[in-house]
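Student: Quick one, fold the following:
(one chain, ligands or ions: 1)
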Amino acid sequence: MKNFNPADNIQDLQYFGEFGGVNPSISDSSTYTFLSAKTMFDTFEGNMEGCYLYSRHSSPSNLYLDKALAAMEGTETANVSASGMGAITPTLLQLCGLGDHIVSSRTIYGGTYAFLKNFTPRLGIKTTFVDITKLDVVEAAITPETKVLYCETVSNPLLEVADIAGLAKIAKKHNLKLVVDNTFSPLSVSPAKLGADIVIHSLTKYINGSSDTVGGVTCASQEFIDSLKNVNSGASMLLGPTMDSLRSASVMKNLRTLHIRMKQHSYNAMYLAERFEKDGLKTVYPGLKSHPSHELYATMINPEYGFGGMMTLDVGTLAKANKLMELMQAKNLGYLAVSLGFYKTLFSAPGTSTSSEIPMEEQIEMGLTDGLIRFSIGLDNDIERTYQMMKKCMMELNVLTSESVLME
Ligand code: PLP
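Tutor: The predicted model follows:
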């Protein structure tokens, strides 16, 4: 872990465009010619390294991005996809079939939750949802049919931290694959280095960072990625969630600044979290000592990238949360929008948006309260100014009382 720096690994790759360009050329083709029919046959059979057949299988632009993301996560290789869900669903379907079982964290992105809860049972795959922070509960949920342990490094939206090294031990003991969605913590956490078998990202978020596209990636061993792309049995090849070459080229260019952006997101989020907690607001941020997994998380991160840009505030009721978000948007402090990792702060109430797939009684059980606002803190240049402006909005709506602020 000590010598592993994900941003340096990306930087160490060197690409040239076709005419000596500083960016690799974009392969704007869906299909590729062959000088001999034999080479075409061998490529189809997967025996011709460096030859391209058809862009749903692979394309030069996608392979460049695959390589960079594999370098970032420290896996042998990777496979980019048209969305985060386009990475998660084929990965799980490649690992599990009729009669198989998954043990998953109960606090995960609503789309993933809905896939495991409502969709995969149609294919005979069952999932048990558990509190991922309790390793004994995780292990107790494993059955002889279990094939996969699934979690998010930092969960959406409650910011619970999964002990990846601890989960990896359990996975190894029971011969399971540990699949980790690292969307909230790129560069900060390197799950494969902590023992995860497969690392997934929604590129839509921090990695692309400009909220102009959806995208995803599965980072894993060559053997697993080959199986995903197999022309006869690969879930990615056959379900077809392929990223377009033009998009992979643009995501690649944005990836170049990820390390700078993550440091600023983390700095700004820590700044706000510390102050709002001091002001008496119920603040959840993994960088705060009050976070139940703060100490564990501090041992998991590559410290220079910090504790990430995601923070939650509980303002009591949904009505208050909605009013505050509308006011903050009116003051141009951010956007009332789902998603994360943008230059501008984004905020939403997860119970009625990104986690609305989770039934109300389950939301209550997992601690997803009505008044919870999820913030993806932006790249604001002067975060003290932002803090003062946000505080003003909160005081105007009585979310913060003048007493607590006067105490400062
Ligand atoms: N994983 C996490 C943690 C997410 O937050 C999301 C989307 O919000 C996804 C996966 C799905 O990614 P996408 O929207 O790119 O399909």
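Student: hey, let's count contacts and neighbours off CA atoms from now on
Tutor: OK.
Student: how much space is there between Arg385 and Leu228?
Tutor: With distances taken as Cα to Cα, to the nearest Å, Arg385 is found 48 Å from Leu228.
Student: Pick out whichever of those two has more residues nearby.
Tutor: Leu228 (24 against 11; other Cα atoms under 10 Å).
Student: ok, now how distant is Asn398 from the ligand?
Tutor: When distance is defined by Cα to the nearest ligand atom, to the nearest Å, Asn398 is 30 Å away from the ligand.
Student: would that residue count as being in a strand?
Tutor: No. Read with DSSP: H, G, I helix; E, B strand; the rest coil, Asn398 is coil and lies in no strand.
Student: Count the residues that sit near it.
Tutor: Residue neighbour count, defined by other Cα under 10 Å, stands at 13 for Asn398.
Student: now Asn175
Tutor: Neighbour count of Asn175, defined by other Cα under 10 Å: 12.
Student: mind checking the SS state of it?
Tutor: Of the three states, Asn175 takes coil under three-state DSSP.
Student: Quick check: closest non-adjacent residue to it.
Tutor: Taking Cα to Cα, 6 or more residues apart in numbering, and ignoring the residues beside it in sequence, Asn175 has Lys147 as its nearest neighbour in space, at 7.6 Å.
Student: I'd assumed that neighbour was in a helix, is it?
Tutor: No. With three-state DSSP as the criterion, Lys147 is assigned strand and is not in a helix.
Student: right, and it touches Ile102 too?
Tutor: Yes. Counting by Cα atoms under 8 Å, Lys147 does reach Ile102; the two are 6.0 Å apart.
Student: who's more crowded, the two?
Tutor: Ile102 (25 against 22).
Student: For the more buried one, list the residues it contacts.
Tutor: Contacts were defined as Cα atoms under 8 Å, 6 or more residues apart in numbering; by that measure Ile102 touches Ile125, Lys126, Thr127, Thr128, Thr146, Lys147, Val148, Leu149, Tyr150.
Student: Now do the SS call for it.
Tutor: Three states are possible here, and by three-state DSSP the one that applies to Ile102 is strand.
Student: hmm, back to that, which one among the contacts of Ile102 gets closest to the ligand?
Tutor: Set against the ligand, the nearest of the contacts of Ile102 by Cα to the nearest ligand atom is Tyr150 (11.6 Å).
Student: who wins for neighbours among the contacts of Ile102?
Tutor: Ranked by neighbours (other Cα under 10 Å), the contacts of Ile102 are led by Leu149, which has 26 neighbours.
Student: do you know how far whatever residue of the chain ends up closest to the ligand is from Thr204?
Tutor: Closest approach of the chain to the ligand (Cα to the nearest ligand atom) occurs at Gly84, with a separation of 3.4 Å. The gap separating Gly84 from Thr204 is 7 Å, by Cα to Cα.
Student: And for Leu187?
Tutor: Separation of Leu187 from Thr204 (Cα to Cα) stands at 15 Å.
Student: Do you know the pLDDT at the residue nearest the centre of the chain?
Tutor: The geometric centre of the chain, computed from its C-alpha atoms, lies nearest to Thr183 (Cα atoms, centre = their mean), at 1.2 Å. Model confidence at Thr183, given as pLDDT, is 97.
Student: Closest one of the contacts of Ile102 to Asn268?
Tutor: Top of the list for closeness to Asn268, among the contacts of Ile102 and by Cα to Cα, is Tyr150 at 29.6 Å.
Student: and the spatially closest residue to that closest one that is not a sequence neighbour, how many neighbours?
Tutor: Computed as Cα to Cα, 6+ apart, the closest residue to Tyr150 that is not its neighbour in sequence is Ser104, at 4.5 Å. Using other Cα under 10 Å, the number of residues around Ser104 comes to 25.
Student: isn't Ser104 right up against Cys151?
Tutor: Yes. With contacts defined as Cα under 8 Å, Ser104 counts as touching Cys151 at a distance of 5.9 Å.
Student: domain ranges for this protein?
Tutor: Each domain of the chain is listed here as a residue range: 6-255, 258-406, per automatic domain parsing.
Student: ok so Phe184 is a helix residue?
Tutor: No. The assignment for Phe184 by three-state DSSP gives coil, which leaves it out of any helix.
Student: give the contact list for it.
Tutor: Counted by Cα under 8 Å, 6+ apart, Phe184 has contacts Thr153, Val154, Ser155, Asn156, Lys205, Tyr206, Gly308, Met310.
Student: just to revisit the earlier point, next one, pLDDT for the residue nearest to Asn175 please.
Tutor: The confidence metric pLDDT takes the value 98 at Lys147.
Student: check contacts around it.
Tutor: For Lys147, the contacting residues are Leu95, Cys96, Asp100, His101, Ile102, Asn175, Leu176, Lys177, taking Cα under 8 Å, 6+ apart as the criterion.
Student: now with 7 Å?
Tutor: The contact partners of Lys147, by Cα atoms under 7 Å, 6 or more residues apart in numbering, come to Cys96, Asp100, His101, Ile102, Leu176, Lys177.
Student: likewise Leu246?
Tutor: Ile26 are the contacts of Leu246 under Cα under 7 Å, 6+ apart.
Student: Quick check: the gap between it and Ser236.
Tutor: Shown here: Leu246 relative to Ser236, a distance of 19 Å by Cα to Cα.
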